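> what follows is a predicted structure for the sequence shown.
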There are 2 protein chains.
Amino acid sequence: MSVRIAIDAMGGDLAPKALVDGAVKAATANPDVQIILVGQPDKLPQEGSLPNNVTIEEAASVMAMDESVENLRKKRDSSIWVATKMVKEGRADAVISAGSTGAQMASALLLLGRIPGITRPGICTVFPTLTGGSILLDIGANLEIDVEQYLQFAVLGKVAAQALLKVENPTIGLLNNGTEEHKGTDKLVEAHQLLKQSGLNFIGNYEARDLMSGNVNVIVTDGFTGNAVLKTSEGLAKTFMGLLKKELSASMTRRLGAALIMPGLQNLKQMLDYKAIGGAPLLGVGGLSLVCHGSSDAETIQSAIKQTVNLQQSGFIEDMKQQAASFFSKNDK
Amino acid sequence: MSVRIAIDAMGGDLAPKALVDGAVKAATANPDVQIILVGQPDKLPQEGSLPNNVTIEEAASVMAMDESVENLRKKRDSSIWVATKMVKEGRADAVISAGSTGAQMASALLLLGRIPGITRPGICTVFPTLTGGSILLDIGANLEIDVEQYLQFAVLGKVAAQALLKVENPTIGLLNNGTEEHKGTDKLVEAHQLLKQSGLNFIGNYEARDLMSGNVNVIVTDGFTGNAVLKTSEGLAKTFMGLLKKELSASMTRRLGAALIMPGLQNLKQMLDYKAIGGAPLLGVGGLSLVCHGSSDAETIQSAIKQTVNLQQSGFIEDMKQQAASFFSKNDK
């Protein structure tokens, strides 16, 4: 069955070009997918110039990257709102955006709703590791969370790891400033105990220095810390590659050496590429809404579309609802 | 005038060897420094085998790295307590430790006291950046802080940047999840306003992805976030160098290429070395107590001793007291 994906064509640092190009590539590669580019028609290609399985839906305005989410109330004609509404109305199966994550989250929350058992939805990312990747959440939707939300995020992270990492019984770690049980704030000490008794595959506290080892599948933290950790990693990876490039071009000899090690450098670059993953679904909302990095290029968007098709076909949202319902009804007893 | 430094010879991953070797190197290089190795005599060299300006002070026990700080009450004969007590009693000018930071902080707090205006002391580090380094604090002494403590840490960070980075009027940034004024938790929004009106050289919110750029001298955050950010960076730098090494030795061709670029790799390694800095002083306590990384080797200890001599001779503690007193009396008006 074909999957219909609404794309917020106006959101992201490279919009609309990266979104349009990525959509066209994906649509050409997979004729079964149907893509709806949502945005301002005068900034998008004419429908006639696009593949048959790519159409355009008009949205007159855009939520800017740093715009206050409050403005969404007045901008019911913004591309992210219109795209998300298509999912609510059953005119699309999923929405993808590289624009303001706040606006995407708010649109999803208001139009697609929260799933039962979850106080507030979370945003995860697939963090690059030596073993392929780990799910890190929350990365910014909830700057401060209460004790129960750590548990909720663990359940949501588990479902995400099953779907995105293909791990059957994902291990879960609590990001903390030490591995011992008594470490961290009072809230974290309490969350640790809750996770320990949850029946989840909880391995205990996890230190940020081990993030890249990949020896845990899901890392749970509050949105402020998750955001700081993710941005530190992105910044450092970028700086590393920049420094390496500078050092390797500093002399004729080094440039020759660099040519010899090029395949190795490519591997390294790929490994540290925080964009290659594509996107990650909003967790805890009642419909499929995929968050892409703001700097996503056409290739990333293409990967995100492929991932969305997989998530839709594997029944990700139904699975998340069922697991949350089953977990929280059991734990309420 | 000679500087007398008490060294917690038993603290750290490589203790006592790294501490003893570092002390001997520093004492040999600078005959004006007097070093007292504090620890268990049976685990230390005989005094006769050491340079004349290195002596031994007995301390029967050790505070282990992960030992609860509570135990310090019963361990008044531990090396960190005895070494700090020498500073209190005027028998040493400063103490250096690579052992449990919690135990070092508690010893300093109880024996050397807080300086007026400061609720709780902080721990800083010189974070490696493209421009040499920035002061990051707090990195773990205070997991949660109140609004006023952000301001106190900004003042302490300023004094540290002046002494350690030799910057006259250091720029100060508030670590946050976005650069706009309204970003962050309620507490951070309030702290932002306080810093803005403080008269300090406050440049606004600062995102973790810019940490390595070095375009701010002091980054202020709570101890939980600072710890997570620092450990993320350390972990990534280590993983990055490991991956690079693996890629560069994967074939004969790459090994040849690696040989040609070796000087560049050495530069990179040095730049990312979180140990090379030596140590950083506890901020907000009434005496000089230098914190070294737990994995410090003899070279790091030698650098830390050199740094301690400089801090002592430049009147660091007096300067910190005066600046804090002047700042907080002015802001109380």
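Received, thanks.
> so who does the residue nearest the centre of chain A touch?
Centroid-nearest residue in chain A, with CA atoms, centre = their mean: residue A:280, separated by 2.6 Å. Residue A:280 is in contact with A:123-126, A:135, A:160, A:164, A:290-291, counting by CB atoms under 8 Å, 6 or more residues apart in numbering or on different chains. Using the backbone N, CA and C atoms, a C-beta is placed for each residue, glycine as well.
> for residue A:191, same thing?
A:147, A:150-151, A:174.
> let me know the helix or strand that the residue nearest to the centre of chain A is in.
strand A:279-283 (DSSP states H and E).
> and the next element down the chain from that strand?
Following strand A:279-283 in sequence, per DSSP H and E, is strand A:288-292.
> touching, residue A:112 and residue A:88? I think so.
Yes - Residue A:112 lies in contact with residue A:88 (CB atoms under 8 Å); the separation is 6.0 Å.
> neighbour count for those two, which is higher?
residue A:112 (21 against 17; other CB atoms under 10 Å in any protein chain shown).
> residues touching that one, list them.
Contacts for residue A:112 (CB under 8 Å, 6+ apart) come out as A:84, A:87-88, A:285-287, A:289.
> kindly recompute the last result at 6 Å.
Neighbouring residues of residue A:112 by CB atoms under 6 Å, 6 or more residues apart in numbering or on different chains: A:285-287.
> then residue A:283?
Residues in contact with residue A:283 (CB under 6 Å, 6+ apart) are A:121-122, A:124, A:156.
> export those residues to a markdown table and tack on pLDDT, neighbour count and distance to residue A:185?
Below are the contacts of residue A:283 laid out as a markdown table (pLDDT from 0 to 100; neighbours: other CB atoms under 10 Å in any protein chain shown; distance: CB to CB, whole Å):
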| residue | pLDDT | neighbour count | distance to residue A:185 |
| --- | --- | --- | --- |
| A:121 | 94 | 24 | 23 |
| A:122 | 95 | 28 | 19 |
| A:124 | 93 | 28 | 22 |
| A:156 | 97 | 30 | 22 |
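> show me what from chain A comes close to chain B.
A:140, A:143-144, A:177, A:185, A:207-209, A:211-212, A:225, A:227-229, A:231-236, A:239-240, A:243, A:247-248, A:253-254, A:256-257, A:260-261, A:264, A:267-268 (CB under 6 Å from any CB of the partner chain).
> narrow those residues to those in helices?
Applying DSSP state H to these, the entries found in helices are A:225, A:227-229, A:231-236, A:239-240, A:243, A:247-248, A:253-254, A:256-257, A:260-261, A:264, A:267-268.
> where does pLDDT dip in chain A?
Chain A contains residues with pLDDT under 70 at A:274-277, A:330-333.
> now the helices for the stretch 51-200 of chain A?
A:79-88, A:101-112, A:147-164, A:186-196 (DSSP state H, counting those that start in this stretch).
> just name the most buried of these.
Sort the helices of the stretch 51-200 of chain A by mean neighbour count, taking mean count of other CB atoms under 10 Å in any protein chain shown, and helix A:79-88 sits at the top with a mean of 26.
> nearest to residue A:64, of the contacts of residue A:280?
Lowest distance from residue A:64 to the contacts of residue A:280 (CB to CB) belongs to residue A:291, with 16.5 Å.
> and the contacts of residue A:280, which two are furthest apart?
A:135 and A:290 (14.4 Å).
> of these two, who's got more company?
residue A:135 (29 against 23).
> show me what contacts the more buried one?
A:124, A:157, A:160-161, A:218.
> what about 10 Å?
A:124-127, A:153, A:156-165, A:167, A:170, A:172, A:216-220, A:280, A:283 (CB atoms under 10 Å, 6 or more residues apart in numbering or on different chains).
> do residue A:69 as well
For residue A:69, the contact set (CB under 10 Å, 6+ apart) comprises A:63, A:100-107.
> in TSV: those residues, plus distance to residue B:94.
Shown next, in TSV, are the contacts of residue A:69 (distance: CB to CB, whole Å):
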residue	distance to residue B:94
A:63	55
A:100	50
A:101	48
A:102	48
A:103	53
A:104	53
A:105	51
A:106	54
A:107	57
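> can you tell me which of those is nearest chain B?
Chain B has its nearest neighbour among those in residue A:102, at 9.8 Å by CB to the nearest CB.
> so that closest one sits against residue A:140, correct?
Yes - between residue A:102 and residue A:140 there is a contact under CB atoms under 10 Å: 8.5 Å.
> quick check: neighbours shared by those two?
A:123, B:178.
> tell me the domain boundaries of chain A?
Per the record, chain A has its domains at A:1-118+A:284-315, A:125-274, by automatic domain parsing.
> now for the residue of the stretch 1-150 of chain A found nearest chain B, how many residues are close by?
Of all residues in the stretch 1-150 of chain A, residue A:143 sits closest to chain B, at 5.1 Å by CB to the nearest CB. Residue A:143: 20 surrounding residues under other CB under 10 Å.
> and for it, nearest residue in space, chain neighbours not counted?
The spatially closest residue to residue A:143, leaving aside those adjacent along the chain, is residue A:224, at 4.3 Å (CB to CB, 6 or more residues apart in numbering or on different chains).
> neighbours of the one you found, just the number please.
By other CB under 10 Å, neighbour count at residue A:224 equals 26.
> ok, the residue lying closest to residue A:190 once chain neighbours are set aside - contacts?
Distances taken as CB to CB, 6+ apart place residue A:147 nearest to residue A:190, at 4.8 Å, with adjacent residues excluded. Residues near residue A:147 by CB under 10 Å, 6+ apart: A:186-195.
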